[in-house]
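In: sharing a sequence plus its predicted fold:
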Amino acid sequence: MRAEITQLEKGYKALFERQLAQETDKVWNMLADNSLLKQWFAELQIAEPGKGGKLVFDMGDGSIEELAITDYEEGRVLAFEWWDDHVRFEVEEGNGRENVLRLIETIERITDQTAKDLAGWHVCLDVIEAILNGREINREEEWQHLHDEYKRLLDSMTVEFE
């Protein structure tokens, strides 16, 4: 499911939700266990878990960027800085057989990078779901299609009418 993007008083919010049949601890482990995190986001690792801790992002050129963890509730919430933006994952026990994995990105301003990030987060969630269900997906093909969709959507949101 595509992100729901809304304009805030300052910036934007992108909300992604996935209904998952797996137990909340299995979903949480996909976010918090570095060996599982590496399967869906190879460049990102938790260096110091917990609120006030940090993630490290491998830039692919020998350098790393540190991203501060702004909120952390074991089994429920992992939130961190994403350069000028902010990302928050929430794992919530659902009603009945499905649980909810929610990703909220708070976007300071729309840039050329924004559509890339939104497509990337969308694919990450699809990969998490695929891994949990024992499937694989073509990340590059899916990312390109989603990038084009998010770019069109963001372009339509930033049109100025006179």
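Out: Sure thing, it's come through.
In: mind naming the longest helix for the chain?
Out: Counting residues, the longest helix in the chain under DSSP state H turns out to be helix 112-132.
In: quick one: buried residues of it?
Out: For helix 112-132, a neighbour-count test (16 or more other C-beta atoms under 10 Å) marks 114-115, 117-132 as buried. Every residue, glycine included, has its C-beta placed from N, CA and C.
In: now it, how far from the centre of its chain.
Out: Per C-alpha atoms, centre = their mean, to the nearest Å, the displacement of helix 112-132 from the mean C-alpha position of its chain is 6 Å.
In: which pLDDT value goes with the spatially most central residue of the chain?
Out: The centroid of the chain falls nearest to W121 when counting by C-alpha atoms, centre = their mean (4.1 Å). Note on W121: pLDDT of 98.
In: ditto for V159
Out: As predicted, V159 sits at a pLDDT of 62.
In: ok, now G94?
Out: G94 is assigned 85 on the pLDDT scale.
In: partner residues bridging the nearest residue to it once chain neighbours are set aside?
Out: Nearest non-adjacent residue to G94, counting by C-beta to C-beta, 6 or more residues apart in numbering: V100, 5.2 Å away. On the basis of DSSP bridges, V100 is bridged to Q19, E92.
In: correct me, but V100 touches L15?
Out: No. Taking contacts as C-beta atoms under 8 Å, V100 lies outside contact range of L15: 11.4 Å.
In: look at the two and report which has more neighbours.
Out: V100 (16 against 13; other C-beta atoms under 10 Å).
In: excluding chain neighbours, what is closest to E98?
Out: Sequence neighbours aside, Q19 is the residue nearest to E98 in space, at 4.4 Å (criterion: C-beta to C-beta, 6+ apart).
In: where does pLDDT dip in the protein?
Out: 159-162 (pLDDT under 70).
In: can you give me the helices in it?
Out: Using DSSP H, helices in the chain cover 24-32, 34-40, 112-132, 139-157.
In: what's near enough to touch V127?
Out: Taking C-beta atoms under 8 Å, 6 or more residues apart in numbering as the contact definition, V127 lies against Q39, W40, I137, R139.
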